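Novice: build me a model from this:
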Amino acid sequence: MAKGSNLTPEEAEELFSRVDAAGVVEPARTGKGSKCRRRRAAEQKHAIDPLSDEDPSGSKASVSISRMGIAFIVGTILLIVGMQIGYGVMRRLNTANLSDTVTTETVSRALEGGVEWGNGFTQFPARFTVDEADERAGIVEVSVVSTEAENELELFSNSQIEAAALATNALLNDNINRVVYNVSAFVDDEGNIVPGDGSTSESPRLIFTFIWTKNKSEASSNIDWELKIVGMDEEVAGRLQSQVNSVSSLIETPSVDDTDIEAHEQELQDGQARKGEEIYLGDDGGAALDAAREQAQGDDAA
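Specialist: Numbering: from 1, shown residues only. This next block holds a predicted model:
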């Protein structure tokens, strides 16, 4: 093409066909160069266009992040629910094993995981010993050490529930007729039950024993269950009685003490006494009664 000559329409079309996106005229190439140009053109076609209405700044990334967050939350919930279901199945398997087969292993597993009782599960103290678990002898005997009870009443109530739960599940086994539940606790120098791991005492002290027995009646098809509580000395029994009758042991209210209770009882007694006086003398302090007496005396004199 000579200098200063006009371009023919074909030449102009060919020239503008070689202009890229940056406005640079590329030299005419064939073969491999044409393939590279076509590939770059395709990449530019799918690149992010700042003037596009569809996704000018890559905002669709927030959608992916939201989906990942939802998937993570759903996965966490499913994991927690699965763990709860698995834990419940494990506990129920422990109960079923104790009802079907009684061995040292099944009793230990039941004490570790708890047994089904009522609408939930009953837990046992972490320190326990399986003394005997024999279906041939028909006996299950365990010993536990309470480290959480703070007094005799709390130890007695907790241990009674634990013994009843274990005995019920064990006595459902046709080969078990006797369940012994020994309860020990740590005491201080004055004999008071203290919580903890026994830092104030060398060894735990046996407080009482719950003995559940199952007897089949020969005259009928009834099955009798009996409970005996043995090993409780007079000191423990006396403390239990005082704690049951004590209002302060049942209601933990710092503002109420023995002095307030005695004052309230004295107020009730005074009120009853005043009520009797009002009934006998009247609301006017006895003036009407005195006037009636004087009138009666005047009538007698006349």
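Novice: host element of residue 70?
Specialist: Secondary-structure assignment from DSSP states H and E places residue 70 in helix 61-100.
Novice: any idea which helix or strand comes after that helix?
Specialist: helix 104-113.
Novice: pLDDT averaged over that next one - what is it?
Specialist: Helix 104-113 comes out with an average pLDDT of 89.
Novice: please tell me how far residue 233 sits from residue 208.
Specialist: 9 Å (Cβ to Cβ, to the nearest Å). Glycine gets a C-beta too; all of them are placed from N, C-alpha and C.
Novice: where do the strands sit along the stretch 201-302 of the chain?
Specialist: Ranges of strands in the stretch 201-302 of the chain, per DSSP state E, counting those that start in this stretch, are 205-216, 223-230.
Novice: by contact count, what packs against the shortest one?
Specialist: This means strand 223-230. Counting contacts by 3 or more Cβ pairs under 8 Å, 6 or more residues apart in numbering; DSSP states H and E, strand 223-230 packs against strand 205-216.
Novice: what's the angle from the strand it packs on to strand 223-230?
Specialist: Put simply, strand 205-216 runs at 160 degrees to strand 223-230, going by axes from the mean of the first three to the mean of the last three Cα atoms, to 10 degrees.
Novice: only the buried residues of strand 205-216, if you could.
Specialist: Going by neighbour count (16 or more other Cβ atoms under 10 Å), the buried part of strand 205-216 is 207-214.
Novice: flag the shaky bits of the protein, pLDDT-wise.
Specialist: 1-5, 15-61, 91-97, 197-202, 246-258, 260-261, 264, 271-289, 292-293, 295-302 (pLDDT under 70).
Novice: so which residues of it form helices?
Specialist: 9-17, 32-46, 61-100, 104-113, 152-171, 234-245, 247-250, 258-281, 287-301 (DSSP state H).
Novice: contact partners for the nearest residue to residue 155 once chain neighbours are set aside?
Specialist: Spatial nearest neighbour of residue 155, excluding adjacent residues (Cβ to Cβ, 6 or more residues apart in numbering): residue 149 at 3.7 Å. Counting by Cβ atoms under 8 Å, 6 or more residues apart in numbering, residue 149 touches 155, 158, 185, 193, 195.
Novice: now those in TSV, with neighbour count and distance to residue 144?
Specialist: Listed next are these as TSV, based on neighbours: other Cβ atoms under 10 Å; distance: Cβ to Cβ, whole Å:
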residue	neighbour count	distance to residue 144
155	22	11
158	18	10
185	27	10
193	20	14
195	14	14
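Novice: and which of the residues you listed is nearest to residue 221?
Specialist: residue 158 (34.6 Å; Cβ to Cβ).
Novice: distance of the closest one from residue 108?
Specialist: Taken as Cβ to Cβ, the span from residue 158 to residue 108 is 20 Å.
Novice: surely residue 224 and residue 215 touch.
Specialist: Yes: using Cβ atoms under 8 Å, residue 224 is in contact with residue 215, at 4.7 Å.
Novice: give me the common contacts of these two.
Specialist: What both residue 224 and residue 215 touch, as defined by Cβ under 8 Å, 6+ apart, is an empty set.
Novice: does residue 236 touch residue 152 like I think?
Specialist: Yes: in terms of Cβ under 8 Å, residue 236 counts as a neighbour of residue 152; the distance is 5.6 Å.
Novice: which one of those two is surrounded by more residues?
Specialist: Neighbour tally, residue 236 and residue 152, criterion other Cβ atoms under 10 Å: the higher count belongs to residue 152, 26 against 18.
Novice: can you tell me which residues contact that one?
Specialist: Residue 152 touches 193, 207, 236, 239-240, 243, counting by Cβ under 8 Å, 6+ apart.
Novice: between those, which is nearest residue 129?
Specialist: residue 207 (15.6 Å).
Novice: how much space separates the closest residue to residue 193 other than its chain neighbours from residue 226?
Specialist: Using Cβ to Cβ, 6+ apart and skipping the chain neighbours, the partner closest in space to residue 193 is residue 185 (4.9 Å). Residue 185 sits 25 Å away from residue 226, going by Cβ to Cβ.
Novice: how about residue 213?
Specialist: In terms of Cβ to Cβ, residue 213 sits 5 Å off from residue 226.
Novice: next one: residue 164
Specialist: 13 Å.
Novice: which residues are common contacts for the two?
Specialist: Both residue 164 and residue 226 are contacted by residue 212, under the criterion Cβ under 8 Å, 6+ apart.
Novice: between the two, which is the more surrounded one?
Specialist: Legend: neighbour count by other Cβ under 10 Å for residue 164 and residue 226, higher for residue 164 (18 against 9).
Novice: from residue 108, how far out is residue 291?
Specialist: For residue 291 relative to residue 108 (Cβ to Cβ), the value is 87 Å.
Novice: neighbour-wise, which of those two wins?
Specialist: Neighbours per residue (other Cβ under 10 Å) separate residue 291 from residue 108, with residue 108 holding more: 16 against 11.
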